[in-house]
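Chemist: fold the following.
(chains A and B)
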Amino acid sequence: MALLRYESQVRAPLVDGTKDYHQVTEDICRPVEATPSKLWWIGFLISVALLIFGIISVTMEVIYGTGQWNLNKTVGWGWDITNFVWWVGIGHAGTLISAILLLFRQGWRTGVNRAAEAMTIFAVMCAGQFPIWHMGRVWNAFFVLPYPNTRGPLWVNFNSPLLWDVFAISTYFTVSLLFWYSGLLPDLATLRDRAKVKWRKAFYGVAAFGWTGSTKHWQRHEALSLVLAGLSTPLVLSVHTIVSFDFATSVVPGWHTTIFPPYFVAGAIFSGFAMVQTLLVVTRKVLALEDYITLEHIEVMNKVIVLTGSIVGIAYLTELFMAWYSAVGYEEFAFFENRLNLNSPYGWSYWIMMGCNVLSPQIFWFSKMRRNLVVTFFMSILINIGMWFERFVIIVTSVYRDYLPSAWSTYYTPTIWEVGFYLGTFGLFFTCYFLFSKFFPVIALAEIKHILKKNGEHYKDHMDEIEEESTEEFGQKHGHDHGA
Amino acid sequence: MAVKKFVVGNFDDEAVLFPAVKKVRRAGYKIHDVFTPFPIHGLDKVMGLRDTSLHTAGFIYGITGTATAVGFITWALTVDWQINFGGKPFFALPAWIPVTFELTVLFAAVGMVLTFCYLCQLAPFVKKDHFNPRSTDDIFVMALECTDKTNEAEAMSFLETIGAKEVKVEYKETEWWLGRYDKDRMRFQKKEQDNH
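Modeler: Sure thing, here's the model as predicted:
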């Protein structure tokens, strides 16, 4: 046990300061148990206002039909599907942190996984809105489900990527939610046992499902987390792969490429990490959790950003090369005329995408920049903008001037209701995030305690002496073997 | 409801708890359970608990999902209502891989979580006794079940010698119940204490 705690001095501590288990509980439960600050109320009310604007926009669309949006003959997917892909992409970082990094035994995930998973769930909720309301006759939305019906029964088309999407997104949402909540159970139990107020006792009493911390339960809980992580890992890759199939299985120039699945997945992780940075740089400051979400965490995530950003950059260049190498006029037109050419109607959007996604993250090759919070925050916003434009470029520039020049739409601009819908999902996302940060611990308590004696700054300091000892001496002094 | 009598030792360090569990078992006491604020790897082995079969259950649920997806889609698109999509074969297995995969994951995940909740008897509104509220904070609680033969005083002093900070004899409910924590628990605790 003690032997397993040993970790090299080279690795920076993940929990700063002198902490014991009780101090960890206090620090992380404090924001939940304190009355919300003025800042919280202001942020929350702005989010709710945006959400209400979104609801009004959607209502307009339901009453008057998709004609409320400026979609036209060639641009059948505009802002709404751009936003859908953008939100789904953002959702990917949470699962990457909680599942893939769990399998890779990355200790630093414990500081950020809870918030990132919550972000995933809220982002997928926002993403789901777009295809649903895009259906127009939303009261028939259940037609996408294969249920015995009186129309034959006429089943859904299982060969269609749009149906794969239905299954992928709903499965992703369900599994993420289960993963997140099963991880929350022990922490909710901690809040329940600390509760002094009546409503709090009742609320966390219900929410904690009667968790006790029994060894047998922990054993099963560990098994469950590991298998859910194993399931989520291919799942998260499949989700954006399937989203990319929406485009890649078509015969539209600019969409019909085999590079799409890995390119979309890399982009999703890229934008997701940017959103995690946006949220956590603020959260750690406002909730005073700097000891748990340290500069070390921020730096590691910036490394992921520069890696995935560069993968995305290579994908962009590969696309250009393939367009040229294919020697197909339509492909060349889509890439070199509709996108690369700054003088074409949407050329500017391509260059915003290139600048934000490929050039700007290169700043993170420098350690000083990776550890600078202002730079990190600014870059995270820039990347979110860039990744939104990536989807916009793919969706709009591929179709607004297609095979038939007489059908070309000169310009597609969104209406106020399209923009309102997008802002509304921001409202939904941040309303959920504000409520989450108020009622749930934003850091996985039990997991931090689990790594505390291995990765805590206070405990790592004493590792020097241990490093001097031989394994046998160490075992006799501090340890005991693992077996019975 | 089954209220039992326990000798409860509270430890404040898992490094002390670990050898203590071994010593307690060697001395022949029956450990009812050990409650910890976070998972301690290897504690289940030391306590002599068998490995969980949750993985196997997950595998079976996953296979069920795969079979459901392939079976249903095959039936729907090749038997029940054939549709000609661009002259492609009705049995288009490669195109069904995404949905099959998603259903495999969905069945496995949902099934495993439900099984987990069932095995641990966890559900909303369920209440359980867990000896020390601080066992979800920073205290490691070992509960020894008392039988007719148990010498409580001896057990208590034994726990103290192996490092327990605080030792008590307590009556605890071992099953779950619905209702309020404090009120309901006080009621049956009092009743049982009167009986003894």
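
Chemist: only C-alpha atoms for contact and neighbour calcs from this point on.
Modeler: Noted.

Chemist: what's whichever strand or helix holds A:L317 packed up against?
Modeler: Here A:L317 sits within helix A:295-326, counting by DSSP states H and E. Helix A:295-326 is packed against helix A:260-286, helix A:329-332, helix A:367-370, with contacts defined by 3 or more Cα pairs under 8 Å, 6 or more residues apart in numbering or on different chains; DSSP states H and E.

Chemist: now for the second one, which elements pack on it?
Modeler: Yep, that's helix A:329-332 we're talking about. helix A:295-326.

Chemist: check the first one too.
Modeler: Judged by 3+ Cα pairs under 8 Å, 6+ apart, helix A:260-286 is in contact with helix A:79-95, helix A:109-134, helix A:215-248, helix A:295-326, helix A:373-392.

Chemist: now do the next helix or strand after the first one: distance to the chain's middle.
Modeler: Going back to what we said before, that points to helix A:79-95. Going down the chain from helix A:79-95, the next helix or strand is helix A:101-103, by DSSP H and E. Offset of helix A:101-103 from its chain centre (Cα atoms, centre = their mean, to the nearest Å): 16 Å.

Chemist: one more: stretch A:54-61?
Modeler: With Cα atoms, centre = their mean, you get 25 Å for stretch A:54-61.

Chemist: and what of stretch B:114-127?
Modeler: 8 Å.

Chemist: with stretch A:335-345 instead?
Modeler: The chain centre lies 31 Å from the centre of stretch A:335-345; the measure is Cα atoms, centre = their mean.

Chemist: so which residues make contact with it?
Modeler: Under the criterion Cα atoms under 8 Å, 6 or more residues apart in numbering or on different chains, residues A:254, A:320, A:323, A:346-351, A:393, A:397-398, A:401, A:410-411 lie in contact with stretch A:335-345.

Chemist: and what of stretch A:72-84?
Modeler: Applying Cα under 8 Å, 6+ apart, the contact partners of stretch A:72-84 are A:70-71, A:126-131, A:134, A:388, A:391-392, A:395-396, A:399-402, A:407-409, A:412, A:414, A:418-419, A:422.

Chemist: could you dump the helices and strands packed on helix A:260-286 into CSV and include mean neighbour count and mean pLDDT?
Modeler: Below are the helices and strands packed on helix A:260-286 laid out as CSV (neighbours: other Cα atoms under 10 Å in any protein chain shown; pLDDT from 0 to 100):
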stretch, mean neighbour count, mean pLDDT
helix A:79-95, 27, 90
helix A:109-134, 24, 91
helix A:215-248, 22, 92
helix A:295-326, 19, 92
helix A:373-392, 21, 93
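
Chemist: tell me where chain B has strands.
Modeler: Counting by DSSP state E, one finds strands in chain B at the ranges B:3-11, B:31-35, B:126-127, B:140-145, B:166-173, B:177-178.

Chemist: and the last one, what other elements does it pack with?
Modeler: Contacts defined by 3+ Cα pairs under 8 Å, 6+ apart place strand B:177-178 against strand B:126-127.

Chemist: and the strand it packs on with chain A, contact?
Modeler: Yes. Contact of strand B:126-127 with chain A (Cα under 8 Å from any Cα of the partner chain) involves B:V126, B:K127.

Chemist: neighbouring strands for that strand, and are they parallel or not?
Modeler: Strand B:126-127 sits in its sheet next to strand B:177-178 (antiparallel), going by DSSP bridges.

Chemist: quick one: distance of the strand it pairs with to the chain centre.
Modeler: Put simply, strand B:177-178 sits 17 Å off its chain's centre (Cα atoms, centre = their mean).

Chemist: so what touches it?
Modeler: B:F125, B:V126, B:K127, B:K128.

Chemist: just stretch A:47-62 next, same as before
Modeler: Here stretch A:47-62 makes contact (Cα under 8 Å, 6+ apart) with A:67-69, A:133, A:136-138, A:417-418, A:420-428, A:430-431.

Chemist: just the buried members of the residues you listed?
Modeler: A:68-69, A:133, A:136, A:417-418, A:420-428, A:430-431 (16 or more other Cα atoms under 10 Å in any protein chain shown).

Chemist: geometric centre of the chain: which residue is closest?
Modeler: You didn't say which chain, so I picked chain A. A:G91 (2.8 Å; Cα atoms, centre = their mean).

Chemist: think we crossed wires, I meant chain B
Modeler: The residue lying closest to the centre of chain B (Cα atoms, centre = their mean) is B:C120, at 3.5 Å.

Chemist: grab the nearest non-local neighbour of it.
Modeler: Of all residues not flanking B:C120 in the chain, A:H217 sits nearest, at 6.0 Å (Cα to Cα, 6 or more residues apart in numbering or on different chains).

Chemist: likewise for A:R194?
Modeler: Nearest to A:R194 is B:P133, by Cα to Cα, 6+ apart, at 7.6 Å.

Chemist: quick one: neighbours of the one you found, just the number.
Modeler: B:P133 has 17 neighbouring residues, counting by other Cα atoms under 10 Å in any protein chain shown.

Chemist: and the gap between it and A:Y411?
Modeler: 64 Å (Cα to Cα, to the nearest Å).

Chemist: in the chain, what spans have low per-residue confidence?
Modeler: Picking chain A for this. For chain A, the stretches with pLDDT under 70 are A:1-10, A:410, A:458, A:460-484.

Chemist: I was thinking of chain B, sorry if that wasn't clear
Modeler: Checking chain B against pLDDT under 70 turns up B:1, B:179-196.

Chemist: need the contact list for the residue of the stretch 251-400 of chain A at minimum distance from chain B.
Modeler: Nearest residue of the stretch 251-400 of chain A to chain B: A:P261, at 12.9 Å (Cα to the nearest Cα). Contact analysis of A:P261 by Cα under 8 Å, 6+ apart lists A:H240, A:T241, A:I242, A:S244, A:F245.

Chemist: check B:M142 too.
Modeler: Counting by Cα under 8 Å, 6+ apart, the residues that B:M142 touches are B:V8, B:G9, B:N10, B:F11, B:I31, B:H32, B:D33, B:V34, B:F35.

Chemist: so which of the residues you listed reach chain A?
Modeler: Applying Cα under 8 Å from any Cα to these, one finds that B:D33, B:V34, B:F35 fall near chain A.

Chemist: can you redo those as JSON lines with neighbour count?
Modeler: Formatted as JSON lines, these follow (neighbours: other Cα atoms under 10 Å in any protein chain shown):
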{"residue": "B:D33", "neighbour count": "18"}
{"residue": "B:V34", "neighbour count": "26"}
{"residue": "B:F35", "neighbour count": "26"}
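
Chemist: just give me the closest of these to chain A.
Modeler: Ranked by distance to chain A (Cα to the nearest Cα), those are led by B:F35 at 4.5 Å.

Chemist: still on that earlier bit, show me the contacts of stretch A:47-62 that map onto helices.
Modeler: Using DSSP state H, A:133, A:417-418, A:420-428, A:430-431 are the members of the contacts of stretch A:47-62 that sit in helices.

Chemist: can you pull the domain assignment for chain B?
Modeler: B:3-51+B:130-195, B:54-120 (automatic domain parsing).

Chemist: what residues sit buried inside the biggest helix by length in chain B?
Modeler: With secondary structure taken from DSSP H, chain B has its longest helix at helix B:93-120. Judged by neighbour count using 16+ other Cα under 10 Å, the buried positions of helix B:93-120 are B:96-113, B:115-117, B:120.

Chemist: then stretch A:43-56?
Modeler: Neighbour-count burial for stretch A:43-56, counted by 16+ other Cα under 10 Å, picks out A:F44, A:L45, A:S47, A:V48, A:A49, A:L50, A:L51, A:I52, A:F53, A:G54, A:I55, A:I56.

Chemist: how about these in JSON lines, adding secondary structure and distance to A:R105?
Modeler: Shown next, in JSON lines, are those (DSSP: H, G, I helix; E, B strand; the rest coil; distance: Cα to Cα, whole Å):
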{"residue": "A:F44", "secondary structure": "helix", "distance to A:R105": "35"}
{"residue": "A:L45", "secondary structure": "helix", "distance to A:R105": "39"}
{"residue": "A:S47", "secondary structure": "helix", "distance to A:R105": "36"}
{"residue": "A:V48", "secondary structure": "helix", "distance to A:R105": "38"}
{"residue": "A:A49", "secondary structure": "helix", "distance to A:R105": "41"}
{"residue": "A:L50", "secondary structure": "helix", "distance to A:R105": "39"}
{"residue": "A:L51", "secondary structure": "helix", "distance to A:R105": "38"}
{"residue": "A:I52", "secondary structure": "helix", "distance to A:R105": "42"}
{"residue": "A:F53", "secondary structure": "helix", "distance to A:R105": "43"}
{"residue": "A:G54", "secondary structure": "helix", "distance to A:R105": "40"}
{"residue": "A:I55", "secondary structure": "helix", "distance to A:R105": "42"}
{"residue": "A:I56", "secondary structure": "helix", "distance to A:R105": "45"}
